[in-house]
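[1] below: sequence and its predicted model.
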Amino acid sequence: MILIIGLAGRIASGKGTVAQYLIKKYNAKQFVYSDILRDILKRLYIPITRENLQDLGKSLRAGLGPDVLVNAMKGDLMTGKGELRLVDGVRYVNEVEMLRTFPHNILIFVDAPLKLRYERAKERGVRGEESLTLAEFKKLDRAETERELDRVRSMADYIIDNSGTLEELYKQVDDLFGA
């Protein structure tokens, strides 16, 4: 049986940490929406920053339709390998709707308080986040790519609270998979 796992959450909520845990412990195969965008930015020799990723995604959806990335992801999932296929970075309702077209699917939403997510983003320092002010982080958190996350959260099968330790986070994941 193939299980499609959708992973959603706000910026620096811990999606990547959960994804890596699922990959390592459960042999999940990872599929990431932003990888599609990264490939395009690399090809265009444009820096890979969160803002550029957001702008490109917005442009593609505006120019080619709201399902352009969803259709690419569905194709990747259908031709992918592994019994556990992890869609990392679900941000829009149409992405959840695509996930639900697979017979076996779950949507996990990872959540954490804004201030904690800001501290994590600065610490990890990817996509230019190390130099962000709290005000800039809040602006990113309200970007168009983040606006449907409340609705996505309401569609989740499971909500993981990532405001504690790594051990507590991993236990919540293991509880979902009966480990």
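    Yep, it's here.

[2] buried residues in the helix or strand hosting E119, which are they?
    Assigning secondary structure by DSSP states H and E places E119 in helix 114-124. By neighbour count on 16 or more other CB atoms under 10 Å, the buried set for helix 114-124 is R117, Y118, R120, A121, K122. Every residue, glycine included, has its C-beta placed from N, CA and C.

[3] now, which of those sits nearest Y170?
    Nearest to Y170 among the buried residues of helix 114-124 is R120, at 16.3 Å by CB to CB.

[4] how much space separates A72 from F31?
    Separation of A72 from F31 (CB to CB, to the nearest Å): 10 Å.

[5] those two: which has the busier surroundings?
    F31 (22 against 15; other CB atoms under 10 Å).

[6] so where's this structure uncertain?
    Applying pLDDT under 70 to the chain picks out residues 127-128, 179.

[7] point to the residue nearest the middle of it.
    Closest to where the C-alpha atoms of the chain average out (CA atoms, centre = their mean) is G89, at 1.5 Å.

[8] next, that residue: secondary structure please.
    With DSSP: H, G, I helix; E, B strand; the rest coil as the basis, G89 sits in strand.

[9] ok, the nearest residue to it once chain neighbours are set aside - contacts?
    Nearest residue to G89 in three dimensions, chain neighbours excluded: Y33, at 4.4 Å (CB to CB, 6 or more residues apart in numbering). Residues in contact with Y33, defined by CB atoms under 8 Å, 6 or more residues apart in numbering, are G57, L69, M73, V87, D88, G89, V90, R91, E95.

[10] returning to that earlier point: closest one of the buried residues of helix 114-124 to V173?
    After measuring those against V173 - CB to CB - the closest member comes out as R120, at 17.4 Å.

[11] what's around the nearest residue to the closest one once chain neighbours are set aside, how many residues?
    Excluding the flanking residues, the one nearest R120 by CB to CB, 6+ apart is A12, at 4.3 Å. A count of nearby residues for A12, using other CB under 10 Å, gives 26.

[12] Three-state assignment for A12, please.
    Secondary structure assignment for A12 (three-state DSSP): coil.

[13] now do the buried residues in stretch 93-106.
    N94, E95, V96, M98, L99, F102, N105.

[14] show me those that map onto helices.
    Using DSSP state H, N94, E95, V96, M98, L99 are the members of the buried residues of stretch 93-106 that sit in helices.

[15] and the gap between the residue nearest to E129 when sequence neighbours are not counted and A12?
    Once flanking residues are discounted, E129 sits nearest to A121: 4.3 Å by CB to CB, 6+ apart. Per CB to CB, A121 is found 4 Å from A12.

[16] now swap in L166 and tell me
    Distance, L166 to A12, using CB to CB: 15 Å.
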